[in-house]
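Q: Provide a 3D model corresponding to the input given below.
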Amino acid sequence: MRNIAKLSLAVLMALLMGALAGASAFAQETTPPPEPRLFLSTDYPTQQVGVDESISLRLELEAEGEPQIVQLSMKDIPEGWTASFRGGGRVIESVYVKPGETARVDLKLEHNGDIADGTSYDFVVAARSDVARAELPITLNVAQKAPSKLTLSSDLPTLKGSPSTTFRYTLRLKNEGDEELNVSLQADAPDIFLVTFKVTGQEVTSFPIGGGEVKSITVEAKPLIDPDAGSYPIVVHATSGDLEASIDLAAEVAGQARLSITGLDGRLSGQANAGRETSLKLLVRNPGSAEARGIEFSSTEPNGWEVSFDPAQVVSLPAGESVEVTMTLKPPKDAVAGDYIVTARARSAENVNTSSDFRITVTTSTLWGVIGIVLIAVAVAVVMLAVARFGRR
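A: Model prediction:
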């Protein structure tokens, strides 16, 4: 009985699912298609235009239900105005619109005579197919356009840095007029600076800017050589036809100390005796453009060596001057004859540092060689005496 009940339930469920599927299919078959519809739009249906401006608007058409061939016309157009529809580079009168796609048409409006400042003109565009229609109202408000003008500004027109600094300025360029302009950039700067311009991270020399638009410009001034301390003027010009805007910038270069170490005669080598102190004269120079203060000396030497400097510290070394320092070396007594590297370092309080490697040739003392020769001679003499004496017996 239990198996018969289960079988009956399964058959009932199968019949129910089949009925539901059939009802769904019937509902789909009997659902009517969507009613054909037509939509006509533009991004800016109300605009302010200039007295002598040529006017072109982009129209967009969308269809629902089925493809449509849409006829375009002007339902309302003020006296003295003419209108034309353009697509694919030609004057058109109709457009084919598919469901789910957008068809785009340009509407060009022209006035045959003079139009007055402060006047408004109303238009109505009509779109009609065999199954649907749509209308689009457009209003043009005529106003005298603002005169073209460019302005350049910066919150930080003066920057300070070291001789190796790349000076970066942020400028704001504004188009005060209503017309789009193509702007070119150039800079008047000392020959030791390379000046480049960037807009949105891209290096440029010219770019378009819309009416009323503000663009951010990055100006980079990179020294090609280390400049002397001082203030360097940089003038940036933005031009478009007869229009020009300029701004004065300044790169203030602070002096920077630099250090170098060489032998007194320019050589980076010397000699030393194993177990004995040897002095090597060094010349420490500051070829930079600022004073170096608190210069301390250190070294890296082979194991067992002793190295010291006199003086151990130089309080001040003005730019362009030099000082003599004595480096004292003492190789260990058991040092093997040969070449060794000793590195001398100088570091100032401004964290300016330098180093030089000196090749030191170590020689051993000749005293032990003499003693060895004497001992060998004595041994030979003893052997000869012994042979002579005991050989007679």
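Q: quick one: low-confidence ranges for the protein?
A: 1-12, 14-33, 146, 365-374, 378, 380-382, 386-393 (pLDDT under 70).
Q: Residue nearest the middle of it, spatially speaking?
A: Nearest to the mean C-alpha position of the chain, counting by Cα atoms, centre = their mean, stands Gly201 at 5.9 Å.
Q: Which parts of this protein belong to which domain?
A: Using automatic domain parsing, the domain parsing of the chain gives 37-142, 150-253, 260-367.
Q: before we move on, the earlier item: give me phi/psi at the residue nearest to the centre of the chain?
A: Backbone geometry at Gly201, expressed as degrees, to the nearest 10, gives phi 80, psi -10.
Q: what's the closest non-adjacent residue to Ser308?
A: In this structure, Ser308 finds its nearest non-sequential neighbour in Thr328, 4.9 Å apart by Cβ to Cβ, 6 or more residues apart in numbering. Using the backbone N, CA and C atoms, a C-beta is placed for each residue, glycine as well.
Q: Quick one: residues contacting Lys198.
A: Shown in contact with Lys198 (Cβ atoms under 8 Å, 6 or more residues apart in numbering): Val204, Ile217, Thr218, Glu220.
Q: Can you point out the buried residues in the helix or strand hosting it?
A: If you go by DSSP states H and E, Lys198 is part of strand 193-199. For strand 193-199, the neighbour count (16 or more other Cβ atoms under 10 Å) marks Phe193, Val195, Phe197, Val199 as buried.
Q: Ok, stretch 159-166 next?
A: Neighbour-count burial for stretch 159-166, counted by 16+ other Cβ under 10 Å, picks out Leu159, Gly161, Ser162, Pro163, Thr165.
Q: correct me, but the fourth one touches Gly230?
A: Read that as Pro163. No - using Cβ atoms under 8 Å, Pro163 is not in contact with Gly230, being 10.4 Å away.
Q: Overlap in contacts, the two.
A: What both Pro163 and Gly230 touch, as defined by Cβ under 8 Å, 6+ apart, is the set Val253.
Q: thinking again about what came up before, do you know which of the domains of the chain lies nearest Leu375?
A: domain 260-367 (12.6 Å; Cβ to Cβ).
Q: Which residues lie in contact with Asn182 in this structure?
A: Ser206, Phe207, Pro208, Ile209, Ser240.
Q: can those residues go into TSV with extra columns for distance to Thr364 and secondary structure?
A: Output for the contacts of Asn182, formatted as TSV (distance: Cβ to Cβ, whole Å; DSSP: H, G, I helix; E, B strand; the rest coil):
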residue	distance to Thr364	secondary structure
Ser206	74	strand
Phe207	75	strand
Pro208	80	strand
Ile209	80	strand
Ser240	81	strand
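Q: Of those residues, which qualify as buried by neighbour count?
A: Buried members of these, scored by 16+ other Cβ under 10 Å, are Phe207, Ile209, Ser240.
Q: can you tell me how far the last one sits from Leu282?
A: Taking Cβ to Cβ, to the nearest Å as the measure, Ser240 falls 61 Å from Leu282.
Q: now do the first one
A: The span separating Phe207 from Leu282 equals 56 Å under the rule Cβ to Cβ.
Q: again with Pro78
A: Taking Cβ to Cβ as the measure, Pro78 falls 93 Å from Leu282.
Q: and the two? which has more neighbours close in?
A: Leu282 (20 against 14; other Cβ atoms under 10 Å).
Q: Give me the nearest residue to that one, chain neighbours excluded.
A: Leaving aside its chain neighbours, Leu282 sits nearest to Val325 (4.6 Å; criterion: Cβ to Cβ, 6+ apart).
Q: Give me the secondary structure label for that neighbour.
A: When classified by DSSP: H, G, I helix; E, B strand; the rest coil, Val325 comes out as strand.
Q: so what's it up against?
A: By Cβ under 8 Å, 6+ apart, Val325 lies in contact with Lys281, Leu282, Leu283, Val284, Phe297, Phe309, Asp310, Pro311, Val314.
Q: Then Ser298?
A: Contact partners of Ser298, counting by Cβ under 8 Å, 6+ apart, are Ala344, Arg345, Arg347.
Q: Could you pull out the buried residues of stretch 120-131?
A: Tyr121, Phe123, Val125, Ala126, Ala127, Arg128, Ser129.
Q: Kindly reformat the residues you listed as a markdown table containing secondary structure and distance to His111.
A: Formatted as a markdown table, the buried residues of stretch 120-131 follow (DSSP: H, G, I helix; E, B strand; the rest coil; distance: Cβ to Cβ, whole Å):
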| residue | secondary structure | distance to His111 |
| --- | --- | --- |
| Tyr121 | strand | 8 |
| Phe123 | strand | 12 |
| Val125 | strand | 17 |
| Ala126 | strand | 21 |
| Ala127 | strand | 23 |
| Arg128 | strand | 26 |
| Ser129 | coil | 30 |
